[in-house]
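[1] Sequence below, structure please.
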Amino acid sequence: SNQVLRLRGGMRCVVQRVTSASVKVDGETVSSIGRGLCVLVGLSSEDKRESLDWMSKKLLAVKFFEAEDGKMWKRNLQEIQGEILLVSQFTLHFRMKGSNLDFSKSMGTEAAREMYHEFVDQVRRDIGDPNLVKDGRFGAKMQVEICNDGPVTMQIEHPEPSTQKKG
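    Modelled structure (predicted):
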């Protein structure tokens, strides 16, 4: 059978478990968190609003953290009262042509700005305490400093690729 393989579109988040993280713009710290998650948020040109709700709930539900007894993968962000730093990252939807990079699968700037801010608001609503949610500055050249705890880094996508689900 002739199968056509195509790059999947969709919301893509790179999640890093951190002991601390911060974002600077022009040398000034605009956001910082302690223990929690630093999430690079990539929106594709194909993204739909239902992805925002799904991703927000997934980020808060996944058991990235250890239990009090040290057992790994037992508690989620809310169970440790952790913070979350969201950083817009259009480069997550890159393609390569030789050694050149192409970002045409990324959502356009104005649509992405609106959807990214909707996503930040969605996470603030879902987490219960909006002060636990920080973000970078959309479209700015940012320096993101993280202290990755583990290190633990995972990519989560919606719609979910089959490789992301077990069973």
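
[2] Okay, and the beta partners of residue 143?
    Counting by DSSP bridges, residue 143 forms beta bridges with residue 24.

[3] Surely it is in contact with residue 24?
    Yes: look at residue 143 against residue 24 with CB atoms under 8 Å: they come within range, at 4.5 Å. No exception for glycine: its C-beta is placed from N, CA and C like everyone else's.

[4] And those two? Which one has more around it.
    residue 24 (18 against 12; other CB atoms under 10 Å).

[5] Report the contact partners of that one.
    If you count contacts by CB atoms under 8 Å, 6 or more residues apart in numbering, residue 24 has them with 30, 142-143, 145.

[6] Please report which of those has the highest neighbour count.
    Using other CB under 10 Å as the neighbour test, these are led by residue 142, with 19 neighbours.

[7] wait, isn't that residue in contact with residue 25?
    Yes: with contacts defined as CB under 8 Å, residue 142 counts as touching residue 25 at a distance of 5.6 Å.

[8] Common neighbours of these two, please.
    Shared contacts of residue 142 and residue 25, defined by CB under 8 Å, 6+ apart, comprise residue 136.

[9] on that earlier part again, ok, of the contacts of residue 24, which one's closest to residue 52?
    Residue 52 lies nearest to residue 142 out of the contacts of residue 24, by CB to CB, at 21.2 Å.

[10] Where does the prediction get shaky in this protein?
    Within the chain, the stretches with pLDDT under 70 are 1-9.
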